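Novice: Provided below for reference: sequence and predicted model.
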Amino acid sequence: MDRRGTIEKHDPFEIEQQEWKRRQSKERYKQLLTIVSPIFLLLLWEVLSRTGMIDTRFFPPPSAIIGTLFDMVANGSLVKHVGVSLYRIFVGFLAGVIPGVIIGLLMGLYSPIRHLMQPIVMALMPIPTLALLPMIIILFGIGDLSKVVTIAGSVFFPVVINTAAGVMNIDQIYLDVANNYGAGKLQFFYKIALPGALPVMLEGIQMGQAIALLTIVAAEMMGATSGIGYLIWTSYKAFLLQEMYVGLILISFFGYLFSVLLRGFQKKLLPWR
Amino acid sequence: MKGKIAIEHLTKAFYKKQGSVTALDDISMTINEGEFVCIVGPSGCGKTTLLRILAGLEQPSVGEFNIATDHEDRPLQSMVFQERGVIPWLTVEENVAFGLKMRRLPKKLIEERTKYYLEKTGLEKFSKLYPRELSGGMKQRVSIARAFANDPEILLMDEPFAALDEQNKFILQEELLSIWSETKKTVLFITHSIDEALLLSDRILLMSSQPGKIIKEIKVTTPRPRTIEDIRKDPDMAQQFIEVWKHLQREVQQSREQKA
């Protein structure tokens, strides 16, 4: 922009203010786009489905799916499935995260433990827990326990690896500071190792959360009698596609919700970032 | 006189498969109580290694050192690290109190001393902030306050101002002198800046590289309190600057020729 002609006529702050306003409206425009895109997709789907451009048997209009959702909430069947799945996710998540954090910290802090555990972790990690599902069902039955074990097994690996990496990537200079100022073992752990490892560790937990949702659905498709995954699978087999879509929407919703919750938690825990 | 810091025949070698390095070669020196000593040398001359040995962060290969203790309950030494040495997940206040907390001193004493040095360094307004929100100069004030608050027998400083811009450097140097003049702690300060050494120290030790040796000792007699202007105006100081520079120049050139 050529501003030479404006030197005498305008206050520089006024010009900068206009510039600022322009940037603000650009920001709002971007925010609008992020809201518009899913709404647009849903609208398109609705219209195509209602006008018969796509097969309503496979793609029922979103409004009908929402209707089914309300029906299922009203007759209580949904609450049961969701409750069961959330319980399994929650317990399985904790059962994976807690040992993951503890073993990860030990691996990060003590190199003998690291060298001992690393080959085992590396060898087991590539095996999808879902491939072990038949074995897990044989060992733990078709109840909640087998689902919890499956989720815990999938969540454990990203958490353990990120926690160990988090400890090992703490800058040497902070270790020197702790040493120089006479930190004891416990103080070192609480003041340096744990907070220093926390950012990378929380990334691992965030990953674990996403994996837990992926896992629960698959785990409930095999050898289960309830849960969101069971709902999706049986609805599909009975060709109740509206019910199936309700299950998919719920997974998407909870994935988003957990992500947001964990991000908030992360912000609380890391005020220094 | 035995001296506050006595270093005797200290040698540190680093063993590597492709050629070992002698970082410190038979270093002996005595630093007196309350003395401010700067070690000046080109980078890679082993001056940081010497400081790290005194700080207990590394072991000497041969030789020993002794730091005389006046008070049983004082820590032997505290180090002012380079700029990254401030811990990012602790607030300014927690950083300054770090050494005191590690030693599990009574809460009240920790509070008092932390507050005192926060005020001394002009950090009281920033006490609840995290280091991320501070400028480089402010971070170094935290590092200095942390070391002084710990009230050690001696202070070790590892190029604490190397990363600062020149104006901030001058300001912090004078602030350091003013805090130091109150406590009269024995300080061993490492730098590659001749100006900095002339301003701060009672005595300058020049170090050569590979092997790291003390090659010359220069007494700085300019009366205190000193300011950067005094140093720049004083013709004797200019003379001393040139003297130091000539020595260092020879050193740097020699090591270049060796490498070539």
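Specialist: Received the coordinates, thanks.

Novice: low-scoring stretches of chain B, by residue?
Specialist: Regions of chain B meeting the criterion pLDDT under 70 cover residues B:1-2, B:259-260.

Novice: ok, longest helix in it?
Specialist: For chain B, the helix with the greatest residue count under DSSP state H is helix B:235-259.

Novice: what sits up against that helix?
Specialist: B:40-42, B:45, B:194-195, B:197-198, B:204, B:206, B:208-210, B:215-216, B:218, B:220, B:222, B:230-231 (C-beta atoms under 8 Å, 6 or more residues apart in numbering or on different chains). To be clear about C-beta, it is placed using only N, CA and C from the backbone, and glycine gets the same treatment.

Novice: from those, which ones fall inside strands?
Specialist: B:40, B:204, B:206, B:208, B:215-216, B:218 (DSSP state E).

Novice: Show me which of the residues you listed is closest to residue A:63.
Specialist: Using C-beta to C-beta, residue B:40 is the member of the ones in strands among the contacts of helix B:235-259 that sits closest to residue A:63, with 79.0 Å.

Novice: burial of residue 156, as a residue count?
Specialist: Here I'm looking at chain A. 26 (other C-beta atoms under 10 Å in any protein chain shown).

Novice: oops, I was thinking of chain B
Specialist: As a burial measure, residue B:156 scores 26 neighbours (other C-beta under 10 Å).

Novice: any idea what sits nearest it, other than its immediate chain neighbours?
Specialist: Counting by C-beta to C-beta, 6 or more residues apart in numbering or on different chains, residue B:79 is the residue found nearest to residue B:156 once chain neighbours are left out, at 4.5 Å.

Novice: Give me the buried positions along the helix ranked longest in chain A.
Specialist: The helix of greatest length in chain A, counted in residues with DSSP H as the criterion, is given as helix A:12-50. Taking 16 or more other C-beta atoms under 10 Å in any protein chain shown as the basis for neighbour counts, the residues of helix A:12-50 that come out buried are A:45-46, A:49.

Novice: Which residues does stretch A:37-56 contact?
Specialist: A:59-63.

Novice: again with stretch B:95-103
Specialist: Identification of contacts with stretch B:95-103 by C-beta under 8 Å, 6+ apart yields A:177-178, A:181-184, A:187, A:191, B:75, B:78, B:86-87, B:90, B:94, B:109-110, B:113-114, B:117-118, B:123, B:131, B:142-143, B:145-147, B:149-150.

Novice: Likewise for stretch A:126-134?
Specialist: Here stretch A:126-134 has contacts from A:136, A:146, A:150, A:153-154, A:215, A:218-219, A:222-223, using C-beta under 8 Å, 6+ apart.

Novice: repeat for stretch B:61-75
Specialist: Outside stretch B:61-75, the residues within contact range by C-beta under 8 Å, 6+ apart are A:181-182, B:2-13, B:26-27, B:33, B:53-54, B:76-77, B:99, B:103, B:150-154.

Novice: which among the residues you listed end up buried?
Specialist: Restricting those to buried positions leaves A:181-182, B:3-5, B:7, B:10-12, B:27, B:33, B:53-54, B:76-77, B:99, B:103, B:150-154, with burial counted as 16+ other C-beta under 10 Å.

Novice: Please list the members of these that lie in helices.
Specialist: B:53-54, B:99.

Novice: just those residues now: which is nearest chain A?
Specialist: residue B:99 (4.1 Å; C-beta to the nearest C-beta).

Novice: What is the most widely separated pair among the contacts of stretch A:126-134?
Specialist: Between any two of these (C-beta to C-beta), the greatest distance is 16.4 Å, for A:154 and A:223.

Novice: who's more crowded, the two?
Specialist: For residue A:154 and residue A:223, the more surrounded residue by other C-beta under 10 Å is residue A:154, and the numbers stand at 24 against 18.

Novice: in which helix or strand would I find the more buried one?
Specialist: Of the helices and strands defined by DSSP states H and E, residue A:154 is found in helix A:144-168.

Novice: rewinding a little: got the buried residues of helix A:12-50 as a markdown table, with pLDDT and distance to residue A:130 columns?
Specialist: Conversion of those to a markdown table gives the following (pLDDT from 0 to 100; distance: C-beta to C-beta, whole Å):
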| residue | pLDDT | distance to residue A:130 |
| --- | --- | --- |
| A:45 | 93 | 30 |
| A:46 | 94 | 34 |
| A:49 | 92 | 32 |
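
Novice: Thanks again, I'm all set now.
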